[in-house]
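In: Return a 3D structure for these sequence lines:
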Amino acid sequence: MAPNDLVEYFRIQTQERSVRAIALRAGLDQSTLNRQLNGTTSLTVETVVAIVRAYDLDFADTFVAVGFITADEARRFSRSFALADYSDQDLTLEIVRRVNNGAATATLTEPIAPAVIDEVLSERAPTAHDEVPYIGRIPADELPEKIAADKRRKRADHPHAE
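Out: Just a heads-up that it's a prediction; the model follows:
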């Protein structure tokens, strides 16, 4: 972003009329901020962080706007933090929405490879902070497919038992 653009960008984002007002609220030296926004000296991460915090701006958007990171880097960076904030229900609804809209990839629409299942099930032990208790590996005789097969076999062996 060109120097004059930086001044204008921060004026718009902060809704302030002057660099002086931005500096005061962000706790920055006015002359230092002026030099950085006008391109006389390099804009520092510390300066941008102070402004973002003072005005409760979005870090990723601001870092992209001033050229510290790319939009793709911002998406990758914030994805893991954002996902942690969603409930299991929210995540499930998003998966269902993607499947229904035809936007789901093979990862959602094709059978899961046994190696992936093993990796997920062995990933971690339960913690005291789990909302839903971690069930770990399910014994083969408790798998839904095994239970259903056993019921079918019993019905076949005793067709009039029900």
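
In: In three-state terms, how would Thr41 be classified?
Out: At Thr41 the chain is in coil, as set by DSSP: H, G, I helix; E, B strand; the rest coil.

In: gap between the spatially closest residue to it that is not a sequence neighbour and Glu73?
Out: Excluding the flanking residues, the one nearest Thr41 by CB to CB, 6 or more residues apart in numbering is Arg35, at 4.5 Å. For the C-beta atoms, the positions are set from N, CA and C on the backbone; glycine is no exception. The gap separating Arg35 from Glu73 is 27 Å, by CB to CB, to the nearest Å.

In: what does Val45 give?
Out: The value you get for Val45 to Glu73, if CB to CB is used, is 14 Å.

In: more crowded one of these two?
Out: Glu73 (13 against 10; other CB atoms under 10 Å).

In: quick one, what contacts the more buried one?
Out: If a contact means CB atoms under 8 Å, 6 or more residues apart in numbering, then Glu73 has no contacts.

In: just to revisit the earlier point, can you give me phi and psi for the residue nearest to Thr41?
Out: phi -60, psi -40 (degrees, to the nearest 10).
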